[in-house]
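Visitor: Everything below, folded, please.
(one chain, ligands or ions: 1)
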Amino acid sequence: MMKTRTLAFAVLAITASAAPGLAAQVEIPRSPGLPYAAKSLPDRIVLTPGADPSREMAVAFRTDTAQTTAEAEIAPAIDGPSLAARAVRVVGAASPIENENGKALYHQVRFTGLEPGRGYVYRVKGSAGWSEWLQFRTAHAEARPFRFLYFGDTQNNILSIASRVIRQAFHATAAPALVVHAGDLVAQRDDLAHDDEWGEWTQAGGYNYSIVPQLPATGNHEYADTLLPDGSEGRVLGPHWPRQFALPANGADAAKATTYFVDYQGVRFIILDGTAALDLGALEGQTRWLDSTLAASPARWNVVLFHQPIFTCARPNDTAVLKAAWKPVFEARKVDLVLQGHDHCYSRLTAEGGKTASAKARADGKVQGPVYLVSVTGSKMYGLNDRAGTQPDRVAEDTELFQVVDVAEDKLQFRTFTATGGLYDGFDLIRHADGNRLVEITEAAGPVRRCAGQAGPDGLPCTADPKD
Ligand SMILES: [Fe+2]
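Guide: This is a model prediction of the structure:
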């Protein structure tokens, strides 16, 4: 649904998303020290997988305007230091961007024809020289156990508060092969400097995002508000998204820039765009694509990632449009995990009828359908809704979290950790011939974190606001 309020654009300088003729009016707070102008060495280096990450990876990065060509070098990883000796130069495409941090170029380079299951090093070029060599591994061509990280919304106070959760996840977790982001990586609203936010987002993940492939989904906040010719407010994908992420471009025609799928060692990851579905007329097209992409999946496990949750834990109502269109497809095509964000709370939901019915079904040996997760990584918190006490198996409020998922041939192990690294929730999905069985963890998870009136679970005022 389009909102119709009149926009008060608050830009210090030109932003690439701003409608022409809208002048600077309001002073926007900037990151301390103004560190995010493009420089003569590359920054914001983010690795993304090809559709077949055993054969293809891609990188996006940013430089000042002096480096006009998108250039990288790639070589097989070796144990000695002569990394450049076998390097091959690869050229990609550069795209200009102009905003409160001045003019810059985003570059994208694709590494194709790679060998499965082997290490590579790459570096990217700025006018003053090369980045450091960055090392990654391609996926194996066949199903093999691996581990991935799942982050909810980072969105607010990305560097000051969300970054420690991301860094805790990388430090506490050995060798994650992938990272999935469930949307609202940034806030991108009128009162924020958007390019600073993207600077904070890449700084929060740092070099981890250059060496581990990232699978981002768009949230509503990746879409900037814009003024339509009739004076109403519309949504347009912010200028950073297509430049910062060199995605596989194999998604639904209805949302080509923001939907895609990746097959990684026996898992098909399908990334949808809830905002395009809800607000931009791209629901039916995505639903058809989702169904056909699941129908054609050769994978043992299927994981779907998008922003607006089918079952909400904060909002008064579920996301009815997506629930009506996508839930039947998830069930019919036997999706294993549905990973979401948007509600700024935690929820693990295994049955629409509620946790008591779900536990009984488990005890009776019933097959487990799709498991629906909502999580949050950043600082913004919403209060739990009236269903949170009875519908999901496990919830949290006023709590920053990250998730670690271990995939094996017949077992998918899902673990949720708090920002300080405490185990908060977890389950195993065990594959049987007739479907999954869900097994609760036996390890001790921490007590449920909820606010009690004005009191938060850390003995401080609750920060989780009710969500209308
Ligand atoms: Fe959000």
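
Visitor: From Gly183, how far off is the closest residue to the ion within the stretch 1-150 of the chain?
Guide: Evaluated by Cβ to the ion, the stretch 1-150 of the chain has Tyr150 as its residue closest to the ion, separated by 15.1 Å. Using the backbone N, CA and C atoms, a C-beta is placed for each residue, glycine as well. Counting by Cβ to Cβ, to the nearest Å, the gap from Tyr150 to Gly183 is 12 Å.

Visitor: Closest approach to the ion from the chain, which residue is it?
Guide: Closest point on the chain to the ion, by Cβ to the ion, is Asp184, at 3.4 Å.

Visitor: For that residue, grab the count of nearby residues.
Guide: Asp184 has 26 neighbours, counted by other Cβ atoms under 10 Å.

Visitor: Now it: phi and psi?
Guide: Main-chain torsions, Asp184, degrees, to the nearest 10: phi 60, psi 50.

Visitor: who does the residue of the stretch 1-150 of the chain closest to the ion bridge with?
Guide: Bridge pairing for Tyr150 (DSSP bridges) gives the partners Val180, Gln403.

Visitor: give the contact list for it.
Guide: Applying Cβ atoms under 8 Å, 6 or more residues apart in numbering, we find Tyr150 in contact with Val179, Val180, Ala182, Leu339, Leu373, Ser375, Phe402, Gln403, Val404, Val405.

Visitor: Verify the stated contact: the third one with Gly341.
Guide: Yes - the pair Ala182 / Gly341 is scored as a contact, 3.6 Å apart, by Cβ atoms under 8 Å.

Visitor: Between these two, which contacts overlap?
Guide: With Cβ under 8 Å, 6+ apart, Ala182 and Gly341 have common neighbours Gly152, Asp153, Ala217, Gly219, His307, Ser375.

Visitor: picking that back up, export the contacts of Tyr150 to JSON lines and tack on pLDDT, neighbour count and distance to Gly421?
Guide: Formatted as JSON lines, those follow (pLDDT from 0 to 100; neighbours: other Cβ atoms under 10 Å; distance: Cβ to Cβ, whole Å):
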{"residue": "Val179", "pLDDT": "98", "neighbour count": "22", "distance to Gly421": "17"}
{"residue": "Val180", "pLDDT": "98", "neighbour count": "21", "distance to Gly421": "20"}
{"residue": "Ala182", "pLDDT": "98", "neighbour count": "32", "distance to Gly421": "20"}
{"residue": "Leu339", "pLDDT": "99", "neighbour count": "30", "distance to Gly421": "20"}
{"residue": "Leu373", "pLDDT": "98", "neighbour count": "27", "distance to Gly421": "19"}
{"residue": "Ser375", "pLDDT": "98", "neighbour count": "29", "distance to Gly421": "15"}
{"residue": "Phe402", "pLDDT": "98", "neighbour count": "27", "distance to Gly421": "9"}
{"residue": "Gln403", "pLDDT": "98", "neighbour count": "27", "distance to Gly421": "13"}
{"residue": "Val404", "pLDDT": "98", "neighbour count": "20", "distance to Gly421": "11"}
{"residue": "Val405", "pLDDT": "98", "neighbour count": "24", "distance to Gly421": "16"}
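
Visitor: would you list those residues in TSV and tack on distance to the ion?
Guide: Output for those, formatted as TSV (distance: Cβ to the ion, whole Å):
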residue	distance to the ion
Val179	18
Val180	16
Ala182	9
Leu339	14
Leu373	15
Ser375	11
Phe402	16
Gln403	16
Val404	22
Val405	21
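
Visitor: Name the residues that touch the host helix or strand of Gly285?
Guide: According to DSSP states H and E, Gly285 maps onto helix 283-295. With contacts defined as Cβ under 8 Å, 6+ apart, helix 283-295 is touched by 251-255, 259, 261, 268, 270, 272-273, 276-277, 302, 304, 321-322, 325-326, 329, 333, 335.
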